[in-house]
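[1] model this:
(chains A, B and C)
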Amino acid sequence: MASKRSYWLMKSEPEVFSIQALRRDRQTHWEGVRNYQARNHLRSMRVDDLVLFYHSNAEPPGVAGVARVCREAYPDDSQFDAKSHYYDAGSKRDDPRWSLVDVEFVEELAQFVPLDVLKEDPALEGMLVTKRGMRLSVQPVERPHFARVLKLGKATTKP
DNA sequence: GCCAACGTTGGC
DNA sequence: GCCAACGTTGGC
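    You can find the predicted model right below:
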């Protein structure tokens, strides 16, 4: 049976956590997602799904690398930590509102792919991240789009 | 630093 | 349940 791998894009501000930081740490808890749509995407992720690691609020913004889901969704502890920036007083221990996944480093793209390039590429027409006003921090990516971005980035990863 | 887009909150 | 006010995201 063929694997049913899915593809995603996750945004991170490189000043906060970059692809280089992920390489250094090898893997990370992707905490702090506080948007229901993004959370639902996190909960749909399966081990071995591939992720485009996108640098937002960067100069320029764009896809910097590839990561892989290595642990499926579980409760994000920071929602219960009153001292955390991500604290949510409305979330119950026995029914956690927010989830996270763990992702591991796969590669940094040989060629960073800026948002401008994504927008201008006809092969990427319809890709969510290229749409104006698209703020969702966790997005599904279609396999052909994913493969195209890997190619633009001269990646060694296979989709 | 600006501001468009869009999600959330809360008064009614 | 509507919607104005407000806060955040994130490109520019």
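
[2] Going by neighbour count, which residues of stretch A:135-148 are buried?
    By neighbour count with 16 or more other Cβ atoms under 10 Å, stretch A:135-148 contains the buried residues A:137-141, A:145-148. C-betas here are computed from N, CA, C, even on glycine.

[3] err, stretch A:101-116, not the other one
    A:101-103, A:105-109, A:112-115.

[4] So that stretch, near DNA strand C or not?
    Yes: using Cβ under 7 Å from any atom of the strand, we find that stretch A:101-116 touches DNA strand C at A:115-116.

[5] Just give me the longest strand of chain A.
    strand A:99-114 (DSSP state E).

[6] mind exporting the next helix-or-strand element following that strand as CSV, just the C-alpha atoms?
    Counting by DSSP states H and E, the next helix or strand C-terminal to strand A:99-114 is helix A:115-120. Provided in CSV are the C-alpha atoms of helix A:115-120 (Å, rounded to 0.1, in the frame of the first residue of the first chain):
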residue,chain,number,x,y,z
LEU,A,115,7.8,34.7,-1.8
ASP,A,116,8.1,36.8,-5.0
VAL,A,117,9.3,33.8,-6.9
LEU,A,118,6.5,31.7,-5.5
LYS,A,119,4.0,34.3,-6.7
GLU,A,120,5.5,34.6,-10.1
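
[7] Many thanks, I have nothing further to ask.
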